[in-house]
Structure formats: structure tokens, C-alpha cells
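[1] How does the following fold in three dimensions:
(chains A and B)
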Amino acid sequence: MKNKIISLLGGVAVIVTSLTALYAPQAGAHGERSQEPFLRMRTVHWYDTNFSTNRVAVNEEMTITGKFLLAEAWPEVIMKPDVAYLHVAEPGPAVAKVETWLNGVPAAKSFKLELGKTYEYKVIVRGRKPGEAHIHPMLNVQSAGGLVGPGQWTLIEGVYEDFTYPVTTLTGEAIDLNTYGFANVVKWHIIWAIPALFWVLYWVRRPLFIPRFLMVQNGEEDALITSTDKKVGIALLIGTIVLVTMSSNSAKEQYPVQIPLQSAIIPVEALPVTPQNSAVKAKILKANYRIPGRSMTMTLDITNGSATPIKLAEFNSANVRFTNSLIPTLAKTDSAELWAKDGLNVQGEPTIYPGETARLEIEASDALWETERLSSLIGDPDSAFGGVLYFQGADGKTYMEEISGPIIPTFQ
Amino acid sequence: MSATAQSVGAKSAGDLSPVMAGMSRKFDLLLVPILFLAITGAFHIHFMLLAGDWDFWVDWKDRRFWITITPIVAITFPAAIQYVLWEYFRVPLGATLCIVALLFGEWMNRYWGFTIWSGFPATLTWPAMLIASALVLDAVLMLTKNWVATAIVGAPLFALLFYAQNIVILAPYHVPVEHMGQLMSVADMVGYAFVRTATPEYLRMIERGTLRTFGGESALIASFFAAFICMIMYTAWWKLGAVGAKMRWMKSIFDKAAKVRA
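    Just a heads-up that it's a prediction; the model follows:
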């Protein structure tokens, strides 16, 4: 009876597990919300992100541009960006990278970047695999992982078979990177499979296990390798070495110019310090996160060191924009789904004049705290937050200041 | 078919009866595919875990780590299976069977997993060739009939032939290209173009370390280093095969077979 129940349960488990294969939806995005808040709030502050289009044909190019500020409040628990790489986050190579630039420097290799500095990037990609893909700019940092920027759903239209990636080598050969060399790989795998299958069949065609085992047990193992076997073995040994030698020599003759794989850390200078990214200073006096209200409140002193009156327009953290609806000039540039349009409420005198220090109480509230899993910051080991404040100047320019500090949760 | 002296070897301690010979052959035909698939699964996981990225991606196949790591990891199962097939059955097929099984698993994985499911171009993800190494290892064992000689001669050849047999498919990928004003190999360019989100450029463990001499012939040095380590690995895994083959349930099965025959 016990065995029957175990068998029944086992059978049910196998059937249920097998049925899960019937529901396997396409993975469109790639889990960016699963990263802990400190990885998104206090590392890379992306801004001015722009996708040239949200619809490309196969082989058509799309350009992603923008800037990022590397937080001075970089978490101690992860490595600093001494080795970093400008990249794209996407579900498989739906688009192929064509060019990447960081402050005008080619970004095919890795960089050493500085905290507190701003960098401008440009990524050009080409439509490859038809479908809809969530595409982000991304900065990979050694031992910290991928730190993704704002994403955009991009529709790639056309037929995959039309995709090509033409490149001309320095030896003058025009190649398609998407298929280059693969036919040769298959050819040589098949060539080597022939002697391998011959050798397998040479032995498998004869009685294998039981008779041979009995003979070995009876001390007659020498009879199991015949003189023909030895001749075949010698031929196989010599033939293998000859074929290896000939094939490698022919490849060297066919491709006389070869270089090793290239890898390097490239130096890159940060964008210069300007009044727009240095004139305004903020000092946090208090910060709370109210869990039931999905809102964050901050009390801070803002010192306007610029030459123009400014107003707080936006608080941006982890690519979520909380904007002040009372300042309508602020343009929408980033991904629509992460924009809390009326999410920023400012208490106090809204205009801060040059040289003035004003105390502001601000509230950033929206369901995005929950849906973007930022409310879980109370589970971070150092209970801190980070972000960037954007101020609208009377001169039409935008002034920014990074903020960070400890945060106290409120549970009621 | 009766398992006569002619069909098995030059002479026999005794023929199996026709019934037993038929059953024996059915057992062979049943066991060979099972053994093949079992080796495919076990060896493929082992190889993916230890040689993984070096074998997955064309822009990881460098002159140093790929050449060093791949043969060292790939000689393990062949040595252990060689022990079993040679010591108990005098079949010098262990290495070839393992490597064919591994390549079968790799091609299945690269086609269904990397190309069909994840969309990577096959030119980025092809597996390295190892068959020449395996054939030589089996041939040396058969001709010397001695595992120590195989460890000293066959295992180094297994490693030394690895890079040499792959030059023919790798050479086209090391042709230089200029991109954005920078020098890259075609392999670098393939890796750059077809995005692996979680595999940034710096993650590649290539061309690092101080194992350089003989006028920059890194591949040669790496091959000889791998050859030396393969001697040790072969010995270790041959012995591991010996330990694994001492399982009591196998002995009891063969004892019963011997009794039936008697």
C-alpha cells in the first residue's frame, strides 16, 4: 500500500512537472527589478537617455544616447568601477551592436571610470531578430554586475534570414559576421567524425561486453587485440597526426596574417565639471520612507551656487523619475513606464535665488516604489538611499546634484 | 551469432552457447546507447562547468587559458572510461566514445540552447574539436597495452594535438579587422556584435598571466603546460575509474553471468 502511494505521488509529480513545459512564455525583459535597490539607487544615475526610435527593421540601425553620473555614494559592498564596460541589456542578441562610444572614445574594450564623474555615451545597434525586445543601455562593472539604464520596448520587424553584418577585414576580405567561418567549422567537425565513428564501429561491430569480459577474467586478454587491430591502430595514429599537421599548415597558409584576441583597459576622461553639475549643493537633514503610502519624504537644505534662480523639478532614483507637475517645461526623455508625472511634491519656497540656502521638504510618492521593488530598500544592509535632484534654472538650463544618505522606514 | 574465438579474438577460453551469444549481443546493443547517453550527460555537465565559457564562445578561445584548460578538463572522463573498457573488456574505445559523446551533447546544446532558444549565431558558439586527441589516446593505449605508457605518451599527445587540430577552424577568426579606429580580431568582433548581456568584455579570461616566452609563442607554451598537467590528470582519473569500477553490484552481476555460463 505504501509503495503504491509513493508510486502514485511520483507519477503525479512527473506529470505535473512535464505539464509545465506546455507553458513557457517568451522572456521579454531580463529581471532588472530583481536587483536590490542599493544597486540601482546608488551606483549609476542615468539621464537624458534617448532612443532614436522604438521600431526598427532587420538591418536598420537605432541609436541610444545619454549620460550617466557615477554616484559618489557608491556602496561599499561592491567593487568600484575600476573595470567597467559599456554594454546593452537585451534578451539575447535581438539587436546587434554596431558602435559604442564613451565620451567620444570607442568602447569596444573596458574602461577605468571615476566616481562622482559624468560620462556621455552613444550606442548604435542594428535590428537582428524580429520581435519585441526590452533594450537598455547598461554599464557592467567588474564584481558588481550589470547596472542597467532606462529601457525601451523596441519592435524589430522583418525576416531574420535577411540579417547581415558586413565587415571587411584588414586583409581585404568582405565577410558577414553573422555566419562567418561556421561552414568551415561544420566541415571539419564532420571530417573528424568520420575516423571517430569508424573507430567506434570497428569495435562495436564485434561482441563487446560479456564474451570479452569472460576472456579477460580467464587471463586470455592478449587474444582480444589481434594483429589487424594493431595495424588499424597504427594507421589511425599516424593518419590522425598527419591530418592534424596538414590541416593546421593549410590554415596557416590560407590565413598568414593572424592576431591574438584583443583585450585592454582604455583610459577615458570624464566630462568637465560645469556649473550645471556642480553649482547646486544639497544637504540632507532627514529622510523617511513611509511603507503604507509608498512615499519618501526628505528634508534638505539647498544652496544655489549658480548665477540664476532655480526650482526643484525632479527627483530621479533607480531610473524612476518623480517630477514636479508645477514645472511644465521639464521634457520627458526617458522610458515612459518609469515616470511618476505628479510624483514630486515640494513644500517651502519653490524658487531658490543665487547664493541663497533654502530648506525644502519634498515628498516623492507613487506606486512605482512598489512596482519597481524600490520599497525593499529597507532590506538593504546599510539602509540608505540615493538619487539625483534636477533643478530648472531661470536661464533655461537644468542643474543637478547627487544626494544620498540614511533612510528611516515608517511602518504606519 | 556465437561468440567464437574468431569473432572475439584470436582464441577463446570457451564459446558461448548460441542462446547466450544472442543474449550477449542484445545486451551489447542495449548497453552501448545507454552508456553513450549516460556519458554524454555526465561528461557534458562536467565539461560545461569547468571549461564552460572557453568552449562556449569564439572570443574566449585564446592562446593560453583555452589551450591549457580544455585538454586538462577533457582528458578526465576518457581516462576513467578507458580504465573500465580496457581493464575489463580490452576495448580501446574509452577516449573516443567519451569525446564523441561530449561533442554530441555540445552540438545539441549549442544548436537547441544557444542558437534556437537564445538566438546566438552559431559562428559565436561552436565547440572545439577533440576527436584527434581521443583517437591518439585510444591508439596509444591499445598499442602499448599499458596505462603508465599511455599517461606518459598518450596524455601529452592528447593536449599537444588539441590546439593543432583546432587551428584549421580558428584561424579565420584571428584575422584582423579595424573597428571604430581600433584593432580587433574577427573573433573579438563577433563577441562584440552579438550581445551577451551578462558577459562583458572584461569578463573574458584571455591572454592574462606571465606564461610567455620563446618569442611570444604563448600557444606552444600553453600546450606543453597542458601536456604536463594531462599526464597527472590521466593518472588520477585512471585511478578514479579503478575505484568506480570496484562497485560491488557490478561484481555480483558479472559473477552471476559467470555462473550461468558455467
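[2] All the strands of chain B, in order from the start?
    Assigned by DSSP state E, the strands in chain B fall at B:176-179, B:182-185.
[3] Equivalent analysis for the stretch 151-300 of chain A, please.
    Per DSSP state E, counting those that start in this stretch, the stretch 151-300 of chain A carries strands over the ranges A:152-157, A:166-168, A:174-176, A:265-266, A:280-290, A:295-304.
[4] in its sheet, what does the fifth one sit against?
    Take DSSP bridges as the rule and strand A:280-290 pairs in its sheet with strand A:295-304 (antiparallel), strand A:408-410 (parallel).
[5] ditto for the shortest one
    Partners of strand A:265-266 in the sheet, by DSSP bridges, are strand A:110-111 (parallel).
[6] just checking, next helix/strand downstream of the strand it pairs with?
    Toward the C-terminus, strand A:110-111 is succeeded by strand A:118-127 as the next helix or strand (DSSP states H and E).
[7] so that next one versus strand A:152-157, what angle?
    On the basis of axes from the mean of the first three to the mean of the last three CA atoms, to 10 degrees, strand A:118-127 is oriented at 20 degrees to strand A:152-157.
[8] State the next helix or strand along the chain beyond strand A:118-127.
    Taking DSSP H and E, what comes next after strand A:118-127 is strand A:131-141.
[9] so A:Gln254 sits right up against B:Ala171, yeah?
    Yes - using CB atoms under 8 Å as the test, A:Gln254 is close enough to B:Ala171 to be in contact (7.0 Å). No exception for glycine: its C-beta is placed from N, CA and C like everyone else's.
[10] Compare those two (neighbour count), which wins?
    Between A:Gln254 and B:Ala171, counted using other CB atoms under 10 Å in any protein chain shown, B:Ala171 has the larger neighbour count: 21 against 11.
[11] re earlier: lowest average pLDDT across the strands of the stretch 151-300 of chain A?
    For these, mean pLDDT drops lowest on strand A:265-266, to a mean of 89.
[12] Pull the distance from that one to the chain's centre.
    Distance, stretch centre to chain centre, for strand A:265-266: 19 Å (CA atoms, centre = their mean, to the nearest Å).
[13] how many neighbours does the closest residue to A:Leu177 other than its chain neighbours have?
    Take A:Leu177 and drop its neighbours on the chain: the residue closest to it by CB to CB, 6 or more residues apart in numbering or on different chains is A:Tyr165, 3.8 Å away. By the criterion of other CB under 10 Å, A:Tyr165 has 21 neighbours.
[14] helices and strands of chain A: which one bottoms out on pLDDT?
    Least confident helix or strand of chain A, by mean pLDDT, DSSP states H and E, is helix A:275-278 with a mean of 82.
[15] buried sites along that helix?
    For helix A:275-278, the neighbour count (16 or more other CB atoms under 10 Å in any protein chain shown) marks A:Gln276, A:Asn277 as buried.
[16] send the alpha carbons of it over as CSV?
    Taking Å, rounded to 0.1, in the frame of the first residue of the first chain, the C-alpha atoms of helix A:275-278 are listed here in CSV:
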residue,chain,number,x,y,z
PRO,A,275,28.0,75.0,-13.1
GLN,A,276,25.2,72.7,-14.2
ASN,A,277,26.6,69.7,-12.4
SER,A,278,28.4,71.4,-9.6
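[17] Could you pull up phi and psi at the residue nearest to A:Leu177?
    Per-residue torsions, A:Tyr165: phi -140, psi 80 (degrees, to the nearest 10).
[18] Ok, B:Phe120 next?
    Main-chain torsions, B:Phe120, degrees, to the nearest 10: phi -80, psi 140.
[19] Surely it touches A:Gly92?
    Yes - contact criterion CB under 8 Å: B:Phe120 and A:Gly92 qualify, at 6.8 Å.
[20] Including mean neighbour count, could the strands paired with strand A:280-290 go into CSV?
    Rendered in CSV, the data for these read as follows (neighbours: other CB atoms under 10 Å in any protein chain shown):
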stretch, mean neighbour count
strand A:295-304, 20
strand A:408-410, 13
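[21] Tell me the gap between the longest helix anywhere in chain B and the middle of its chain.
    Scanning chain B for the longest helix, with DSSP state H as the assignment, gives helix B:18-56. Relative to the mean C-alpha coordinate of its chain, helix B:18-56 is positioned 13 Å out (CA atoms, centre = their mean).
[22] before we move on, what about stretch A:73-92?
    With CA atoms, centre = their mean as the basis, stretch A:73-92 stands 9 Å off its chain's centre.
[23] Kindly check the end-to-end length of that stretch for me.
    32 Å (CA to CA, to the nearest Å).
[24] Also stretch A:147-160?
    29 Å.
[25] Lowest average confidence across helices and strands of chain B, where is it?
    For chain B, counting by mean pLDDT, DSSP H and E, that's helix B:5-8 with a mean of 48.
[26] Could you report the distance from the residue nearest to A:Leu177 to A:Pro406?
    49 Å (CB to CB, to the nearest Å).
[27] again, but for B:Ala171
    Separation of B:Ala171 from A:Pro406 (CB to CB) stands at 58 Å.
[28] got it, and A:Thr274?
    Distance of A:Thr274 to A:Pro406, computed by CB to CB: 30 Å.
[29] try A:Asn59
    Counting by CB to CB, the separation of A:Asn59 from A:Pro406 is 50 Å.
[30] Could you check which of these two has the larger neighbour count?
    Applying other CB under 10 Å to A:Asn59 and A:Pro406 shows that A:Asn59 carries more neighbours, namely 15 against 11.
[31] got the contact list for residue 160?
    All of this is about chain A. A:Val58, A:Arg128, A:Lys129, A:Pro130 (CB atoms under 8 Å, 6 or more residues apart in numbering or on different chains).
[32] ah, I was thinking of chain B
    In this structure, B:Leu160 makes contact with B:Ser223, B:Phe224, B:Ala226, B:Ala227, judged by CB under 8 Å, 6+ apart.
[33] Can you report how many residues neighbour the first one?
    Other residues lying near B:Ser223 total 23 when counted by other CB under 10 Å.
[34] The second one now?
    Neighbour count of B:Phe224, defined by other CB under 10 Å: 16.
[35] How about it: what's its closest non-neighbour residue?
    Among residues not flanking B:Phe224 along the chain, B:Leu160 sits closest, at 7.3 Å (CB to CB, 6+ apart).
[36] any idea how far the one you found is from B:Ala219?
    Per CB to CB, B:Leu160 is found 11 Å from B:Ala219.
[37] Same question for B:Asn109.
    Going from B:Asn109 to B:Ala219 by CB to CB gives 26 Å.
[38] Also A:Asn218?
    From A:Asn218 to B:Ala219 the distance is 48 Å (CB to CB).
[39] does any part of stretch A:58-74 sit near chain B?
    No - shown here: stretch A:58-74 not in contact with chain B (CB under 8 Å from any CB of the partner chain), separated by at least 12.4 Å.
[40] Ends of that stretch, what's the gap?
    By CA to CA, the extent of stretch A:58-74 from end to end equals 39 Å.
[41] count of neighbours near the residue nearest to B:Met231 when sequence neighbours are not counted?
    Distances taken as CB to CB, 6+ apart place B:Ala155 nearest to B:Met231, at 4.8 Å, with adjacent residues excluded. When counting by other CB under 10 Å, one arrives at 32 neighbours for B:Ala155.
[42] Quick one: residues contacting B:Ala155.
    Neighbours of B:Ala155 in contact, by CB under 8 Å, 6+ apart: B:Ile75, B:Ala79, B:Leu137, B:Ala227, B:Cys230, B:Met231, B:Met233, B:Tyr234.
[43] check contacts around the third one.
    Taking CB under 8 Å, 6+ apart as the contact definition, B:Leu137 lies against B:Ile75, B:Pro78, B:Gln82, B:Ala95, B:Thr150, B:Gly154, B:Ala155, B:Leu157, B:Phe158.
[44] Now that the third one has come up, it's in contact with B:Met142, right?
    No - at 10.1 Å, B:Gln82 does not count as touching B:Met142 under the criterion of CB under 8 Å.
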